[in-house]
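> Curious how this folds, go ahead:
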Amino acid sequence: MNTNPRVETEEDIQIIKEFTLLPILLDMLARDIDELTMYRNKLVYNHVISYLREIENSVYAEMQTVKRKMKAHDIKIIKTEMNGLGIDVEYKIRGYIHHFKMLRSLVKAELMTMLANLRRRLE
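The predicted model follows:
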């Protein structure tokens with residue numbers, strides 16, 4: 001483990017990134033599921049909705065894992081703010097306050113990577 005408690009580790013940053021992005025992914029999935037339910041009489045759409053719900057359930061499980069990691073690493077999110085440029089996160093690690101920013105394009109790329117990884121785990 002890192003000897004300086006003020007410095008966040010790569011693992012700490014990854015945990016914060018996941019904690020920030022997973023709820024956004026859940027919102028996207030919920031929005032898409034709602035839109036597809038308009039076509040619930042179509043067989044293919046029912047299959048897609050079922051698949052999206054499986055991914056949604058795996059996101060919830062992943063969020064629980066991330067929350068446990070946050071507790072183990074003494075990480076607390078103070079504030080998350082979304083704006084036109086991306087996401088700003090203020091967090092505390094082992095008593096020290098830090099900031100984390102992700103541009104909108106990076107958020108989108110990270111979400112697509114997370115979605116692909118979750119999909120692979122379901123196969």
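> which residues touch the residue nearest to the spatial centre of the chain?
The residue at the geometric middle of the chain, judged as the C-alpha nearest the mean C-alpha position with C-alpha atoms, centre = their mean, is Leu22 (1.8 Å). Shown here is Leu22, whose contacts under the criterion C-beta atoms under 8 Å, 6 or more residues apart in numbering are 59, 62-63, 66, 114. Heads up, the C-betas are built off the backbone N, CA and C, glycines and all.
> shaky segments in the chain?
1-5 (pLDDT under 70).
> and with 80 instead?
Low-confidence segments of the chain, defined by pLDDT under 80, are located at 1-7, 39-43, 123.
> residue ranges of the helices in it, please?
For the chain, helices defined by DSSP state H occupy the ranges 10-36, 43-72, 104-122.
> Who are the packing partners of the shortest one?
When you say that, I think you mean helix 104-122. If contacts are counted by 3 or more C-beta pairs under 8 Å, 6 or more residues apart in numbering; DSSP states H and E, helix 104-122 sits against helix 10-36, helix 43-72, strand 86-93.
> just the second one next, same as before
Helices and strands in packing contact with helix 43-72 are listed as helix 10-36, strand 75-83, helix 104-122; criterion 3+ C-beta pairs under 8 Å, 6+ apart.
> Burial-wise, tell me which of these comes out on top.
A comparison of the helices and strands packed on helix 43-72 by mean neighbour count, using mean count of other C-beta atoms under 10 Å, puts helix 10-36 on top with a mean of 16.
> where does the residue of the chain positioned farthest from its centre fall, phi/psi-wise?
Going by C-alpha atoms, centre = their mean, the residue of the chain most distant from its centre is Asn41, 31.2 Å out. Geometry field for Asn41 lists phi and psi as phi -80, psi -10, criterion degrees, to the nearest 10.
> likewise Arg94?
Dihedral angles of Arg94 (phi, psi; degrees, to the nearest 10) stand at phi 50, psi 40.
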